[in-house]
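Asker: Below is the sequence, then the predicted model.
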Amino acid sequence: MSHNPSFTIQARSPSEITLTKSERPVPRLGMWGCVWVLVYLVGATIYVYLTNPTGSKATGIYLVGMVVAAVIASIVTTAFRAHDTELALAKKRAKAVAAIEAEAAQLAQSTRAAYDAALKVPGALRSLLHDADTALEQAAQEYGENAFAPFWDRIERAADRLGRFQGLIRHLEQLSEQYRRALSDRKHTFPPFPVGLRELPNPAKSLRQFQRMVRMGQTNYHFASIWEHRRTRQVLIAGFRTLGEAVNNVGYSLSESVSAMGGELKASLRSLVVDSQEQRSAIDAHARREEKLLREIRDALQKRS
């Protein structure tokens, strides 16, 4: 596979193209001019042919000439109108095809953007988890040195990183849903969504350490006094208004996000169109592994130290 493979979405076939009343071609001046020329020629021919333009015989020939002129005019009118109608249909059809192809190209571009964005998420999650672990190690050190305020500073930093972790999981879920919906019932060359649960770092260990450190601070009188002043402070942690909300609910939010992400990945797997029993078996086996891993992560997140 190339470093930057090209993925495409096939344009849908255009529906039947018809002209509305306002789009139908109107008679052209040139067409009517041709009709009158034909009328003139037929009339002139009859006039020259007749030596005596009077009498019943001449009248009959005149009438025949008018009928012939009318028939010719009708044929010419129909031919011009059919030509103009076909031309108008061809232009409308070309415009519709161009719009459909542009829609497919734009959809492929946005889907590729979701694919590329998803590839960056696991690395960003690992970085956030590393920052949270570092903050918790520092919090343990501050606790051992009875540094009350710095301890809660580190706890707040860890909560911020875990909150961002949860936000990125939600973002990944949205990318997966966008990817699945874009490719639904479309012929394309895109691969399955590139990120599964196995590519994501497991936050359970970090979350248990976070909860343990918070519990230590809340059960120590001196640390708890500082906490009472801080827990109602507004913070910029995604999904939470105060530090207290973030500290108390980040574990639950993480568990919910991982569950939602797992459900979306299963839906994405189910939406794949496969051509053989072997492919279906491989996808089913992969789905079972993902479901098992989801249960393990969810159970680990719900445990309390």
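Answerer: Arrived safely, thanks for sending. Residues are numbered from 1 along each chain as shown.

Asker: What distance do you get for residue 259 to residue 164?
Answerer: Note on residue 259: its distance to residue 164, by CB to CB, to the nearest Å, is 19 Å. Quick note: C-beta positions are derived from backbone N, CA and C, even for glycine.

Asker: again with residue 156
Answerer: 13 Å.

Asker: just residue 173 next, same as before
Answerer: When residue 173 is compared with residue 164 (using CB to CB), they lie 15 Å apart.

Asker: The helix ranked longest in the chain: what's the following helix or strand?
Answerer: Criterion DSSP state H: the longest helix present in the chain is helix 56-144. As assigned by DSSP states H and E, the chain's next helix or strand after helix 56-144 is helix 148-183.

Asker: Now name the helix or strand holding residue 236.
Answerer: strand 234-237.

Asker: who does that strand pair up with?
Answerer: Strand pairing for strand 234-237, determined by DSSP bridges: strand 240-242 (antiparallel).

Asker: Buried residues, the partner strand. List them.
Answerer: Buried residues in strand 240-242, defined by neighbour count with 16 or more other CB atoms under 10 Å: residue 240.

Asker: And stretch 118-134, by the same measure?
Answerer: By neighbour count, and taking 16+ other CB under 10 Å as the criterion, the buried residues in stretch 118-134 are 118, 121, 122, 125, 128, 129, 131, 132, 133.

Asker: mind listing what residue 200 touches?
Answerer: Taking CB atoms under 8 Å, 6 or more residues apart in numbering, we find residue 200 in contact with 121, 122, 125, 169, 172.

Asker: isn't the third one right next to residue 170, touching?
Answerer: No. Counting by CB atoms under 8 Å, residue 125 sits too far from residue 170 to count as a contact (11.8 Å).

Asker: could you say which helix or strand contains residue 267?
Answerer: Going by DSSP H and E, residue 267 is part of helix 243-270.

Asker: quick one, that helix and helix 56-144 angle?
Answerer: 130 degrees (axes from the mean of the first three to the mean of the last three CA atoms, to 10 degrees).

Asker: Please pull out the lowest mean pLDDT helix or strand from this structure.
Answerer: In the chain, no helix or strand scores lower on mean pLDDT, DSSP states H and E than helix 29-49, which sits at a mean of 57.

Asker: In stretch 195-210, which residues are buried?
Answerer: For stretch 195-210, using 16+ other CB under 10 Å, the buried residues are 195-197, 200-204, 206-210.

Asker: Now do it, average pLDDT.
Answerer: Model confidence over stretch 195-210, given as mean pLDDT, is 87.

Asker: Kindly report the same for stretch 136-154.
Answerer: Mean predicted lDDT for stretch 136-154 stands at 96.

Asker: Run through who's touching it.
Answerer: 135, 155, 158, 206, 209-210, 213, 216-217, 220, 222-223, 225-227, 230.

Asker: Try it again at 6 Å.
Answerer: 135, 155, 158, 209, 213, 222, 223, 226, 230 (CB atoms under 6 Å, 6 or more residues apart in numbering).
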